[in-house]
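> okay, predicted coordinates and the sequence, questions at the end:
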Amino acid sequence: MNDQNPIFKTSQLEAADAEPRNHSANPTMGELISTRFSRRGFLAGSLAVSAIAATVSPLALLSARPARAQEGGSAFSFTEVEAGIDETHHVAEGYDADILLRWGDGLFADAPEFDPTKQSAAAQERQFGYNNDYVGYIPLDGSSEHGLLVVNHEYTNPHLMFPGLVTLVDGEITMNPLTKEQVDVEMAAHGGTIVEIEKVDGKWQVIKDGKMNRRVTVNTEMELTGPAAGHKRLQTNADPSGTKVFGTINNCAGGVTPWGTYIMAEENIHGYFTGELTEDHPEFANYDRLGIPEGSYEWANFYDRFDIAKEPNEPNRFGYIVEVDAMDPNSVPKKRTALGRFKHEGAESIVNKDGKVVFYLGDDERFDYVYKFVTAGTYNPDDRAANMDLLDDGTLYVAKFAEDGSMEWMPLVHGQGPLTAENGFESQADIVIETRRAADLLGATKMDRPEDIQPNGVNGKVYVMLTNNTRRTAEQVDAANPTAENAFGHIIEIAETDGDFAATTGTWEVMLKCGDPSIAEVGATFSSATTENGWFGMPDNAAVDSMGRLWVSTDGNNPSDTGRTDGLWAVDTEGEARATSKLFFRVPVGAEMCGPLFTPDDETAFVAVQHPADGGDDWEGFGRVSYYEDLSTRWPDFDDAMPTRPSVVVITKQGGGKIAV
């Protein structure tokens, strides 16, 4: 998400706006792609198409494209949504898009009604949290119509949440400091939601008396497990054992494991901490590599654990993959340190042919890396309990992409290569605490903000969303990151050797370079069947449905950049329709598109609309800064007594049936 006004510095602290923290000399993906494509005659191919586009009217080119890509062999069948921007959401013709859960909706039979003028932490802990991001579905009894919805609540936008926070005097806007009560609401609005849902008479509904309903917040006690658990670098005054921590923060994307647990990925943790360490402090370089402290949140004003001068080890207890047993509302969530510590976007997984489970992990910051984790043990589909600690033992790898289209997964294992005591790694605990530095030393490839990474069990490929990197210079482009000042991002397709997701080698292609294909200098590579509504920029989250089709949601399609909002696009990956994209759903002004998720029968899609109304000054329909009292949209209620509310939307085909078929 991009800030719309510096006054309202978002608590998200999106990596897109952060100062790059990777100062290693490792090659960048852009350098690799540039070399590779020039060797393969790329300039004579797609760039020649761009040159033609530069001499022909963009409108003429786009209007000549077929409106329905399925005529060219597309795997998707639906009438495309028109791209644009306004106050509400839009879905393809013939589909219903219903609001399932809004910020503040009660999750329990005794939950209080949402009152935005009388918010409290106690109420928020019984209500749906703020800024819903990842959405997962865990079937109950194998059903696609009855299950648990699991949702991450990534961060908060106080200027949209709280009345009276923004002051406007003589045209000058200021934001007042948060009170302790407002900070407590923010903390309760973070974390995650587990809630039972069921489809009744064709419509989904929340089961408020569901026995497994639960809120996970910044105050939920958690256990640290794996190599770093108990290490002195994780010990604090509140927890001398280094094995217990309160809460999880900035949960972006995530995953659901094959054994039905809920994965929450901790991403931009740096903004929650304030204070200073001297340059000779043992953690100074470690924290600098992660941008700690950024100090956007005001939590340290009331809670010492977020002040690194008072609790210098506290940040080492965040930045992990968190596993929650959604089936047991009394279970203690576990931070699985074996999967490394960095700005985790998500953790999508697949059971390999040898029974091991492979998790793909992106580190969402400019010039950071792509990872995967392979469990040491194997998945047992007949014994759920036997799988519950698989994430404590395995091998974490980081990717190195070569110019010739090959790639290598390099193990981050203590004692191998430079990962030794001589370089400051006394044990595997130090490697997982400082995963970025370990990957630097191995020579991993610097990427353009790796976000969701989706393995596809149908075609055996892996899709890497690379959102953007406007700070990549022409000298830093490489084969896998081919664009200088990459504003619109691209998608990498990986083929693991012999279809083995646990392999340590593979090959890769740039499946799609994003942006407006009618503008030659952008260099987008959408197929000629893609219409003026079908192209997108800034790929972020993604999903692969049960038929193996790729769906991509976006973050950053603001009016000043693209003239359209974010949304959900269907993207062909196979055959003559490869790289054809179609717009299926779009969000209201200021919002980001998160999720998406499909039920196992592909008859329901869940999407998360995050931070609606966080913008509008660059949209002619509003034209000024948006805040609680003066919002660019009051979606989804459109009630003057209600602020805008991040929400989960459920999409079904009118009359029933599989989506986009």
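Done, it's in.
> okay, now residue 459: neighbour count?
Applying other C-beta atoms under 10 Å, we find 16 residues neighbouring residue 459. For the C-beta atoms, the positions are set from N, CA and C on the backbone; glycine is no exception.
> now it: closest residue in space that isn't a chain neighbour?
Leaving aside its sequence neighbours, residue 459 sits nearest to residue 548 (C-beta to C-beta, 6 or more residues apart in numbering; 5.4 Å).
> quickly find the element holding the one you found.
Using DSSP states H and E, residue 548 falls within no helix or strand.
> surely it and residue 457 touch.
Yes: between residue 548 and residue 457 there is a contact under C-beta atoms under 8 Å: 7.3 Å.
> more neighbours: those two, which one.
Per other C-beta under 10 Å, whichever of residue 548 and residue 457 has more neighbours is residue 548, with 15 against 12.
> quick check: pLDDT value at the more buried one.
Per-residue pLDDT puts residue 548 at 97.
> which residues touch the helix or strand containing residue 198?
Using DSSP H and E, residue 198 maps to strand 191-200. Strand 191-200 has contacts (C-beta atoms under 8 Å, 6 or more residues apart in numbering) with 100-101, 107, 128-129, 132, 140, 145-153, 204-207, 210-218, 220, 247-248, 251, 262, 264, 324, 326, 329, 604.
> hey, C-alpha coordinates of stretch 598-614 in PDB?
C-alpha atoms of stretch 598-614 as PDB (Å, rounded to 0.1, in the frame of the first residue of the first chain):
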ATOM      1  CA  PHE A 598     -11.300 -20.600  -3.300                       C
ATOM      2  CA  THR A 599     -13.200 -23.400  -1.600                       C
ATOM      3  CA  PRO A 600     -12.100 -26.900  -2.700                       C
ATOM      4  CA  ASP A 601     -15.100 -27.200  -5.100                       C
ATOM      5  CA  ASP A 602     -14.200 -23.800  -6.700                       C
ATOM      6  CA  GLU A 603     -17.800 -22.600  -6.200                       C
ATOM      7  CA  THR A 604     -16.900 -19.800  -3.800                       C
ATOM      8  CA  ALA A 605     -14.200 -17.200  -3.800                       C
ATOM      9  CA  PHE A 606     -13.300 -15.200  -0.700                       C
ATOM     10  CA  VAL A 607     -11.400 -11.900  -1.200                       C
ATOM     11  CA  ALA A 608     -10.300  -9.300   1.400                       C
ATOM     12  CA  VAL A 609     -10.700  -5.600   0.800                       C
ATOM     13  CA  GLN A 610      -8.100  -3.800   2.900                       C
ATOM     14  CA  HIS A 611      -7.900  -0.100   3.900                       C
ATOM     15  CA  PRO A 612     -10.800   1.300   1.700                       C
ATOM     16  CA  ALA A 613     -10.800   5.100   1.700                       C
ATOM     17  CA  ASP A 614      -7.100   5.300   2.400                       C
END
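> how about that stretch: buried residues?
Residues of stretch 598-614 classed as buried: 598-599, 602-614 (neighbour count, 16 or more other C-beta atoms under 10 Å).
> pLDDT score for the spatially most central residue of the chain?
With distances taken as C-alpha atoms, centre = their mean, residue 253 lies nearest the centre of the chain, 4.0 Å away. We have a pLDDT of 96 for residue 253.
> can I assume it is in contact with residue 133?
Yes: here residue 253 reaches residue 133: they are 6.4 Å apart, a contact under C-beta under 8 Å.
> so what sits against both of these two?
By C-beta under 8 Å, 6+ apart, residue 253 and residue 133 have these common neighbours: 152, 541, 594.
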